[in-house]
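Engineer: Sharing a model that was predicted from the sequence below.
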Amino acid sequence: MSKFCDAFLQETERHSAWGSAQLEALNADIPDGPWDVDLDTGVYRQGGREIRVAVLATYDLSERTWMWGWANPGLRGAPVVAATERVRDFGRAHGLPEFTEEVLDLSGFGDPRRAAETLAFAAMGVTGAAGYLGVEAGPGTRLYLLPDDPRARHAAVDPLALSRILTSGATLIGRSPRLAVSGYFDHFRLVQRQTETGVSADLPDGGTVDVDFDGSGRIASVRVGPAGR
């Protein structure tokens, strides 16, 4: 594999702005510090914080291969991969081989490590997980985990940070900023209105946000209006 299919990139972009905000929320929720995980109980500990997780995947840094948790022979069928089986099920339902092949050879990518992060990010998006964790699990092995705990912090719509979140999130994939913006609104179930040149939405606090795109489809402006305007 040397590139992701268009359908996979489109699905990933739909989660890009929301995912950026969610990773910020997770990083703020879990302090820096030594970590450990009990794969029998699915309990992850770091910096005095404890949450339940599911094993998403492992990435072999030397072979540059990605193995989904549900495909790991030592974990197949175990409770700690039950939540991430939803990734495989989503891939089957939507014809996305990136989610259904047990092992992905990422050595053909220009930046295999970035490709691995993209897979983790996309899996977070399709499952609606509260972020993802990537940790060094041993020499040459990186372990990816999804929070599977109602106590994990979920991002909220922050009107003050909305312009930054939408603008930066839209550049992660960069194919369709409109899809990134609409996907963000979809994640928060905001009522949105599409026009030829932009999209607007009603915010939870009663305010509004209007996003305009330029002739190349890039975000030209983000205007947040206060409640009751």
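Structural biologist: Yep, it's here. Residues are numbered from 1 along each chain as shown.
Engineer: which parts of stretch 36-43 are buried?
Structural biologist: For stretch 36-43, the buried set under the neighbour-count rule, 16 or more other C-beta atoms under 10 Å, comprises V37, L39, G42. Where you see a C-beta, it was placed from the backbone N, CA and C, and this is true even at glycine.
Engineer: Next one: the second one from L145, what distance?
Structural biologist: Translated: L39. L39 is 10 Å from L145, where distance means C-beta to C-beta, to the nearest Å.
Engineer: joint contacts of the two?
Structural biologist: Common contacts of L39 and L145, defined by C-beta atoms under 8 Å, 6 or more residues apart in numbering, comprise V55.
Engineer: Contacts for the lengthiest helix in the chain, please.
Structural biologist: When the chain is parsed with DSSP state H, its longest helix is helix 112-127. Residues outside helix 112-127 that contact it (C-beta under 8 Å, 6+ apart): 4, 8, 11-12, 14-16, 18-19, 22-23, 56-57, 59, 61, 64, 66, 83-84, 86-87, 90, 98-99, 104, 106, 109, 129, 131-132, 134, 142, 144, 146, 172.
Engineer: Restrict whichever strand in the chain runs longest to CA atoms and write it as PDB.
Structural biologist: Taking DSSP state E as the criterion, the chain has its longest strand at strand 49-60. Written as PDB, here are the backbone C-alpha positions of strand 49-60 (Å, rounded to 0.1, in the frame of the first residue of the first chain):
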ATOM      1  CA  ARG A  49      -5.300   9.300  35.800                       C
ATOM      2  CA  GLU A  50      -7.000   6.000  35.100                       C
ATOM      3  CA  ILE A  51      -9.300   5.200  32.200                       C
ATOM      4  CA  ARG A  52     -10.600   2.100  30.500                       C
ATOM      5  CA  VAL A  53      -9.200   1.600  26.900                       C
ATOM      6  CA  ALA A  54      -9.500  -0.800  24.000                       C
ATOM      7  CA  VAL A  55      -6.500  -1.900  21.900                       C
ATOM      8  CA  LEU A  56      -6.800  -0.300  18.500                       C
ATOM      9  CA  ALA A  57      -3.600  -1.500  16.800                       C
ATOM     10  CA  THR A  58       0.100  -2.000  17.000                       C
ATOM     11  CA  TYR A  59       2.600  -0.400  14.600                       C
ATOM     12  CA  ASP A  60       5.900  -2.100  13.900                       C
END
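Engineer: Packing partners of the helix or strand that it is followed by?
Structural biologist: Scanning forward in sequence from strand 49-60 by DSSP states H and E, the next helix or strand is strand 65-68. Contact here means 3 or more C-beta pairs under 8 Å, 6 or more residues apart in numbering; DSSP states H and E; on that basis strand 65-68 packs against strand 49-60, strand 103-105, helix 112-127.
Engineer: Let me see the mean pLDDT of strand 65-68.
Structural biologist: Mean pLDDT, computed over strand 65-68, is 98.
Engineer: follow-up on the earlier one: which ones among the contacts of helix 112-127 map onto helices?
Structural biologist: 8, 11-12, 14, 16, 18-19, 22-23, 86-87, 90, 98-99.
Engineer: ranking those residues by neighbours, who comes first?
Structural biologist: Within these, neighbour counts (other C-beta atoms under 10 Å) peak at V87, which reaches 29 neighbours.
Engineer: now that one: how far from Q46?
Structural biologist: Noted for V87: a distance of 23 Å to Q46, by C-beta to C-beta.
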